[in-house]
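Need a 3D model of the sequence below.
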Amino acid sequence: MKPILALSVAALVLVAACAPEQQVSGRSLYLDYCASCHGERGNGDGPAAEGLGKAPADLTRIAARNGGTFERVKVMSTIDGYTRRGDRSSVMPELGVALQDGPLVLVDTGEGVMTPTPVNLVALADYLESLQE
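Got it, this is the predicted structure:
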């Protein structure tokens with residue numbers, strides 16, 4: 001790892017470790033940003049769903065659609081908009097900017113790579129995982 005990159009990563013880890021513990025409600029974030037389309041329970045039946053060209057996903061079936069596995073990193077990338085950039089068929093807004101307020105926490109994004117991630121994005125993904133049937 002290059003020295004400057006190593007220092008940058010170390011600084012982010014230090015900031016994440018020193019950030020005050022903040023209680024973030026994934027449910028509250030869900031109700032604020034997702035429920036209008038996906039419905040209060042995540043079934044894709046929110047009041048705004050009718051006006052969309054494509055039906056919102058049933059968020060209670062994410063794991064079921066993936067062989068019983070809830071892929072946290074993939075879910076967070078979808079919410080953030082990272083994996084949907086340039087997808088003109090997606091009607092879901094990119095929520096990365098809206099969820100970036102607050103401290104960062106380290107999330108294993110695969111193969112032991114710890115990635116600084118907004119705590120709000122993690123809380124929302126945690127809440128979605130709790131909705132799985």
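
Gln60 reaches Gln132, doesn't it?
Careful, residue 60 is Thr and not Gln. Yes. Using CB atoms under 8 Å, Thr60 is in contact with Gln132, at 6.3 Å. Just so you know, the C-beta spots here come from the backbone N, C-alpha and C atoms, and that holds for glycine as well.

ok, those two, which is more surrounded?
Neighbour count, other CB atoms under 10 Å: between Thr60 and Gln132, Thr60 has more, with 18 against 14.

Spell out the residue ranges of the strands in this structure.
For the chain, the strands defined by DSSP state E occupy 104-108, 114-118.

For the first one, name the packing helices and strands.
Which is strand 104-108. helix 3-18, helix 72-80, strand 114-118, helix 119-130 (3 or more CB pairs under 8 Å, 6 or more residues apart in numbering; DSSP states H and E).

Please point out which parts of it sit buried.
Using 16 or more other CB atoms under 10 Å as the test for burial, strand 104-108 gives 104-105, 107.

model confidence over it, on average?
Averaged across strand 104-108, pLDDT comes to 96.

How far away from the center of its chain is that strand?
How far strand 104-108 lies from its chain's middle: 12 Å, per CA atoms, centre = their mean, to the nearest Å.

Could you do stretch 94-103 as well?
That offset, for stretch 94-103, works out to 9 Å (CA atoms, centre = their mean).

That one spans what distance, first to last residue?
19 Å (CA to CA, to the nearest Å).

Repeat that for stretch 93-100.
14 Å.

If we go by neighbour counts, what in that stretch is buried?
So for stretch 93-100, counting by 16+ other CB under 10 Å, buried means 94-96, 98-99.

what do you get for stretch 69-88?
70, 72-73, 75-81, 84.

Please report how far the residue positioned nearest the centre of the chain lies from Pro116.
Centroid-nearest residue in the chain, with CA atoms, centre = their mean: Met76, separated by 3.1 Å. The gap separating Met76 from Pro116 is 12 Å, by CB to CB, to the nearest Å.

before we move on, what about Gly26?
19 Å.

Neighbour count: these two, which is higher?
Higher neighbour count among Gly26 and Pro116: Gly26, with 19 against 14, using other CB under 10 Å.
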